[in-house]
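Structure of the sequence below:
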Amino acid sequence: MATVLAVCTSDIKGVIKTPVPEIHVKLNHGVVGDAHAGDWHRQVSLLADESVDKLRDRIPNLEAGVFAENVLTRGLCLYELPVGTKMQVGGALLEVTQIGKECHNDGCAIKKKTGDCVMPREGIFAIVLEEGSIKAGDDIEVIA
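Numbering: from 1, shown residues only. Down below sits the predicted model:
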């Protein structure tokens, strides 16, 4: 079973997010209190810890939020999910809208700190279909 390892937020775009005990996601908005929230197609960002593992041999102490993900997961290859996939993540229902992204620029705080960024290659983005709370330890279930 796939699980949530951590949830993170930031109030500024393009920076490392800070782990928090819980996030609340709202319909047509995304993560309450996060800089990326809004009525658009990238309301919630997710990254698999397995993707982060690919850099841990070079950068061993990578923590949750370092790639600006809202939700760090374990047990599911997120970037292989097709756009349109629905997932129950904790108390929320999300729909995958984008796989990967373009970097903000070469000088963003994330790349400066880590030397690389897996988010553009393996991070995914989703919209909120049903509001709810998400916290570390929550299950993730692919619905369709």
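
Please report how far Ile12 lies from Trp40.
For Ile12, the distance to Trp40 (CB to CB, to the nearest Å) stands at 17 Å. From N, CA and C alone the C-beta is placed, and that goes for glycine too.

Which helix or strand in the chain has the lowest average pLDDT?
helix 109-114 (a mean of 65; mean pLDDT, DSSP states H and E).

Show the subsequent helix or strand relative to it.
Counting by DSSP states H and E, the element after helix 109-114 in chain order, helix or strand, is helix 119-122.

and that following helix, average pLDDT?
The average of the pLDDT scores along helix 119-122 is 84.

for it, packing partners?
Applying 3 or more CB pairs under 8 Å, 6 or more residues apart in numbering; DSSP states H and E, one finds that helix 119-122 contacts strand 44-48.

Give me the residue at the spatial middle of this structure.
Nearest to the mean C-alpha position of the chain, counting by CA atoms, centre = their mean, stands Leu46 at 2.1 Å.

so the closest residue to that residue other than its chain neighbours bridges to which residues?
Once flanking residues are discounted, Leu46 sits nearest to Val71: 4.5 Å by CB to CB, 6 or more residues apart in numbering. On the basis of DSSP bridges, Val71 is bridged to Val7, Leu46.

State the number of residues packed around Val71.
Neighbour count of Val71, defined by other CB atoms under 10 Å: 31.

begin at 393 from here
In the new numbering, first residue 393, that becomes Val463.

ok, it - contacts?
Val463 makes contact with Val396, Ala398, Val399, Cys400, Ile415, Val436, Ser437, Leu438, Leu439, Val481, Ile526, according to CB atoms under 8 Å, 6 or more residues apart in numbering.
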